[in-house]
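Trainee: Okay, predicted coordinates and the sequence, questions at the end:
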Amino acid sequence: MATEHPLSPEARSILGARISRRGVLAGAGGLGAAGLLAACGGSGGDSASSANTVRWGNWPLYLDFDAKTKKYPTLEKFSKDSGIDAKYFEDYNDNDEFFGKVQAQLKLGEDIGYDVVTPTDWMAARWIRLGYTQKFDLANIPNHGNILDSLKSPSYDPNRESSLTWQGIMAGFGWNVEKNPKGIHTLEQLFAPQNKGKIVVLTEMRDTIGVILMAQGVDITKVTEAQFMNAVDFMAKKIKDGWIRGVKGNEYAQDLTSGDATAVIGWSGDMFILASENEGKFDFAIPESGGTISGDNLMIPSTASATGKANGEKLINYYYDPAVAAEVAAYVNYVCPVKGAQAEMEKIAPELATSEYIFPTEKTASRLQVFRSLTPDEETKWSEAFQKAQGN
């Protein structure tokens, strides 16, 4: 087991937030993950926002959704109250993949089809570093003050001028309960015989390699290049020897539901919705040696028009209302960064107050770490090694 280390301020802030999931609240039923992906997919618009439009690119299964109406209740209310037509696209599968799709247009200053994007912390840092975001007009986001105090100054945006956390993410082990009746709590249990050829790990380098590193006793807040490369070599050998069937983004959920995968390094929220919609067939745990924690961020691209930017800021402000944030949290089951959401959650789902994933215990908190920031050179070299290990 990895040695426990004090959490960084960013990690502590995420753990101080509240999380929940529609599945925990409502139990089994509703539109399955694969069906939801099919129903709500799409791609960003080709033309700039009109005066009453905002275009938001986000990850799958990441906003409250009504399976009967095929609509997003909170987004519908935003449009009704504001008069702004909110166009929502589940276009994120992987940070690098999404960035690669829009990078050329960003360089040229051309419209990328989105007024709001949702990259993970490390990718948000890249967008800001390259000048691909716009600073907020905080007059349009009076609710920005609702962000948790310790989330106010992340290293990549110390004054929160260009980003606000959408949700926090915990990565660990997910599994098919029938195939793994004793659960998966260690790396050795992940690579048990029954899972050979049916293991999927995340394309998010910091999550997959972070979980492996912690199992190897490494503090990922201080990881060295040698330690990182050793973990990459471990993954590469497991792929070569036929243990890992794929390295995937959000589509790993489809592998689990189809039976092609029986165990994953995956995200807590995804696993909860899969469990709820498949009669408890799946489960999730933070590894005994530790899991990773990070955040996705609401940002305005540099290519958004003045109107698109203003409408995007109104959208962000709306979702930083504690009551709205609680409603989203009751569905997505990820970490909510909005002050006051806990009190609002108690009004709509008081039973969620006892959930370990709404109020993480100190034991859970001590096993979650934020992968350290990388220099541009490290990011390039380490990412190339990770890609090479996948056979890319």
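Mentor: Thanks, I have the structure now.

Trainee: make it CA atoms for all contacts and neighbour counts henceforth
Mentor: Will do.

Trainee: Look up the closest residue to I293, ignoring the ones flanking it.
Mentor: Among residues not flanking I293 along the chain, M170 sits closest, at 4.5 Å (CA to CA, 6 or more residues apart in numbering).

Trainee: so the residue nearest the centre of the chain, which of the three states?
Mentor: The centroid of the chain falls nearest to I169 when counting by CA atoms, centre = their mean (4.8 Å). What DSSP: H, G, I helix; E, B strand; the rest coil gives for I169 is strand.

Trainee: shouldn't it be in contact with G291?
Mentor: No - applying CA atoms under 8 Å, one finds I169 not in contact with G291, separated by 10.3 Å.

Trainee: Quick check: the gap between I147 and S153.
Mentor: I147 sits at a distance of 10 Å from S153 (criterion: CA to CA, to the nearest Å).

Trainee: Comparing the two, which shows the higher neighbour count?
Mentor: I147 (23 against 14; other CA atoms under 10 Å).

Trainee: follow-up on the earlier one: contacting residues around the residue nearest to I293?
Mentor: W267, S268, G269, I286, G291, T292, I293, S294, Y334, L368 (CA atoms under 8 Å, 6 or more residues apart in numbering).

Trainee: Now the two most distant members of those residues.
Mentor: G269 and L368 (15.4 Å; CA to CA).

Trainee: Okay, now the unreliable bits of the stretch 1-150 of the chain?
Mentor: 1-50, 150 (pLDDT under 70).

Trainee: So which residues of it form strands?
Mentor: 18-19, 53-57, 85-89 (DSSP state E, counting those that start in this stretch).

Trainee: Among those, show me which one is buried the most.
Mentor: Ranked by mean neighbour count under mean count of other CA atoms under 10 Å, these are led by strand 18-19, which reaches a mean of 32.

Trainee: hey, what's T53 bridged with?
Mentor: Here T53 sits in beta bridges with D85, as judged by DSSP bridges.

Trainee: Tell me who's in contact with it.
Mentor: Neighbours of T53 in contact, by CA under 8 Å, 6+ apart: I84, D85, A86, K87, G308, N311.

Trainee: mind putting those in JSON lines, distance to A323 included?
Mentor: Formatted as JSON lines, the contacts of T53 follow (distance: CA to CA, whole Å):
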{"residue": "I84", "distance to A323": "20"}
{"residue": "D85", "distance to A323": "21"}
{"residue": "A86", "distance to A323": "19"}
{"residue": "K87", "distance to A323": "22"}
{"residue": "G308", "distance to A323": "25"}
{"residue": "N311", "distance to A323": "20"}
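
Trainee: isn't T133 right up against N297?
Mentor: No - when contacts are counted by CA under 8 Å, T133 is not listed as touching N297 (11.8 Å).

Trainee: in the sheet, who's paired with the residue nearest to the centre of the chain?
Mentor: Applying DSSP bridges, one finds that I169 bridges with S294.

Trainee: Can you tell me how far it is from A349?
Mentor: Distance from I169 to A349, by CA to CA: 21 Å.

Trainee: and what of R206?
Mentor: 33 Å.

Trainee: Which one of the two is surrounded by more residues?
Mentor: Ranked by neighbour count (other CA under 10 Å), R206 and A349 place R206 first, with 22 against 17.

Trainee: Take the strands of the stretch 1-150 of the chain and lay them out in CSV including distance to F234.
Mentor: Shown next, in CSV, are the strands of the stretch 1-150 of the chain (distance: least, CA to CA, whole Å):
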stretch, distance to F234
strand 18-19, 32
strand 53-57, 34
strand 85-89, 36
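
Trainee: which stretch among the ones you listed comes nearest T224?
Mentor: strand 18-19 (31.9 Å).

Trainee: Tally up the residues packed near L374, please.
Mentor: Neighbour tally, L374, other CA under 10 Å: 12.

Trainee: OK, contacts around the closest residue to Y92 other than its chain neighbours?
Mentor: In space, and not counting its chain neighbours, Y92 is closest to W59: 4.5 Å by CA to CA, 6+ apart. W59 sits next to E90, D91, Y92, N93, T118 when contact means CA under 8 Å, 6+ apart.

Trainee: What count of nearby residues applies to the second one?
Mentor: The burial count assigned to D91 is 20, neighbours taken as other CA under 10 Å.

Trainee: my read: it touches P60, true?
Mentor: Yes - counting by CA under 8 Å, D91 touches P60, with 7.5 Å between them.

Trainee: Can you check the pLDDT for R372?
Mentor: Per-residue confidence at R372 stands at 89 (pLDDT).

Trainee: Please tell me how far it sits from K87.
Mentor: In this structure, R372 and K87 are separated by 34 Å, where distance is defined by CA to CA.

Trainee: hmm, back to that, I'd like the distance from the residue nearest to the centre of the chain to M299, if you could.
Mentor: 17 Å.

Trainee: same deal with G266?
Mentor: From G266 to M299 the distance is 24 Å (CA to CA).

Trainee: now T69
Mentor: Relative to M299, and taking CA to CA, T69 is found at 28 Å.

Trainee: between the two, which one's more packed in?
Mentor: M299 (30 against 8).
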